[in-house]
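> Have a look; sequence and predicted model below, questions after that.
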Amino acid sequence: MANRPSRKPQKKTTRRRTTASRRGKAKAFPLKRAALAAFLLVALGMALGLALSAWTRDDGAAPVVAETVVEPPPPTIRTPMLEKQDNLPPLPPPPPLAVDPAPVVIPQQPAVPPKAAAEPSRVEEAALPPPVSPMPEKSEELPPWQRYAVPMPQTNGRPMIAIVIDDMGLDRRRSDLIAALPGPLTTAWLPYARDLPRQTAAARARGHELIVHVPMEPQNPNVDAGPDVLRVGLPPEEIRRRLISGLESFDGHIGINNHMGSKFTEDLAGMSVVMEELKERGLMFLDSRTSPVSVGVKAAQQADVPNAGRHIFLDNDDDATLVLGQLAKTEEVARRHGMAIAIGHPRDGTIEALRQWLPTLEQKGYVLVPLSAIIRKRYAKG
């Protein structure tokens, strides 16, 4: 009996191990259950994601609306060196005429952003017309606006068109190209350009008429119209001094027109001083009409100064096709009223358009005349 092994201790150990194992299993079960729950949640999420993706790809699904940002249009940029408008009211007629050829109102073209600077197109020089006498001998009793006028061609009842080219003299190359065109053109020379006596004499020898392009104050104070600008509020003696300086910059001209001047031409007091000097010197005045309320023609009529006003502005854009369109409008004005005055500048597009257009006038039934011819017709003293 003493050698028989005892079983009780073995059972006790086994029970202890079993109890510990059960306790371990009991503790591990919640962990497994949590892992299973997490797995099920992940699987459920994936399934929902796939279903949602399939739903949004369906053709019947509601579209996603994105916010549309509309940028404001770019600001209109105007070239500051020129003040020209076409939508202007008709000028009143001069007293000697019963009916004034009122200008056709041309709708303003929408402004566009400026194009990138491009190299100017090449314009070949036209064949020069035979020279004419720069200063034809006329009676000294005639006023200079008639004494230095280019001879008027025979019209035979055809509508008359005068082409005035402003801003002559500064750009020598393009001014020479203008002077090389068949005339008679009317060339308006800036009084502060260099070598004006030689430039103007060459243009006059080619059959073109001469006027002085007098700088006058614009509405925009940031625009530089050049030296000796006629400004509102200047004393009359200073206005007269500046004007005389321009008038004496070269000989052989018949009068003046305004360079810019949208502010000064609205001032009757200042314009009256100008007209007094023009009357005393026997010169004419062409209103470039840079302001819709210019008093230039009114002041000229009050001072008994021969005058006229622009009808069409040719080159808001330096594009030959657009300039040709404006020349067609000039023809329309001339056809309706018997005469028309258009203003352009020494630009490549304008030069090219004139080179194409000038040879067509006779076939179309128009006649190109110097500005003095239209003023003579209007003023009825030629």
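Yep, it's here. Numbers count the residues shown, from 1 in each chain.

> Count the neighbours of the nearest residue to Pro197 once chain neighbours are set aside for me.
Spatial nearest neighbour of Pro197, excluding adjacent residues (C-beta to C-beta, 6 or more residues apart in numbering): Phe250 at 5.2 Å. Where C-beta positions appear, they are placed from N, C-alpha and C, glycine not excepted. Number of residues near Phe250 (other C-beta atoms under 10 Å) recorded here: 21.

> In contact with Phe250: list those residues for me.
When contacts are counted by C-beta atoms under 8 Å, 6 or more residues apart in numbering, Phe250 touches 189, 191, 196-197, 200, 210, 212.

> My reading is that it lies in a helix. Confirm?
No - counting by DSSP: H, G, I helix; E, B strand; the rest coil, Phe250 is located in no helix; its state is coil.

> sorry, back to before: filter the contacts of Phe250 down to the buried ones and express that as a ChimeraX selection.
A single ChimeraX command is used to select the members of these judged buried by 16 or more other C-beta atoms under 10 Å:
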select :189,191,196,200,210,212
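
> Just the ones in strands from the contacts of Phe250, please.
189, 210, 212 (DSSP state E).

> Hmm, the first one is touching His208, no?
No - using C-beta atoms under 8 Å, Trp189 is not in contact with His208; the gap is 10.6 Å.

> Let me see the ranges of the helices in this protein.
Assigned by DSSP state H, the helices in the chain fall at 8-57, 144-147, 172-179, 196-205, 236-247, 268-281, 296-302, 320-337, 348-357, 361-364, 371-379.

> Could you tell me the least trusted of those?
Among the helices of the chain, helix 8-57 has the lowest mean pLDDT, at a mean of 57.

> Tell me the bridge partners for the closest residue to Gly296 other than its chain neighbours.
Setting aside the residues directly before and after it, Gly296 is nearest to Asp287 in space (C-beta to C-beta, 6+ apart), at 3.9 Å. Beta-bridge partners for Asp287, by DSSP bridges, are Gly309.

> where does Asp287 land on pLDDT?
pLDDT, Asp287: 98.

> Give me the neighbour count for it.
Neighbour count for Asp287, taken as other C-beta under 10 Å: 25.

> just checking, it touches Asn257?
Yes - if you go by C-beta under 8 Å, Asp287 and Asn257 touch, sitting 7.1 Å apart.

> so what's Ile211 up against?
By C-beta under 8 Å, 6+ apart, the neighbours of Ile211 are 164, 186-189, 253-257, 284, 286, 371.

> Also Ile375?
Contact partners of Ile375, counting by C-beta under 8 Å, 6+ apart, are 145, 284, 286, 306-308.

> could you redo these as TSV and give each row neighbour count?
As requested, the contacts of Ile375 are exported to TSV (neighbours: other C-beta atoms under 10 Å):
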residue	neighbour count
Trp145	26
Met284	26
Leu286	30
Pro306	28
Asn307	24
Ala308	28
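
> got TSV for those residues, with distance to Gly226 too?
What follows is the contacts of Ile375, written out as TSV (distance: C-beta to C-beta, whole Å):
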residue	distance to Gly226
Trp145	24
Met284	22
Leu286	18
Pro306	25
Asn307	23
Ala308	23
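
> any idea which of these is closest to Ala179?
Among the contacts of Ile375, Leu286 lies closest to Ala179 (C-beta to C-beta), at 19.1 Å.

> Could I get the pLDDT score of the nearest residue to the closest one once chain neighbours are set aside?
Once flanking residues are discounted, Leu286 sits nearest to Asn257: 3.8 Å by C-beta to C-beta, 6+ apart. Note on Asn257: pLDDT of 98.
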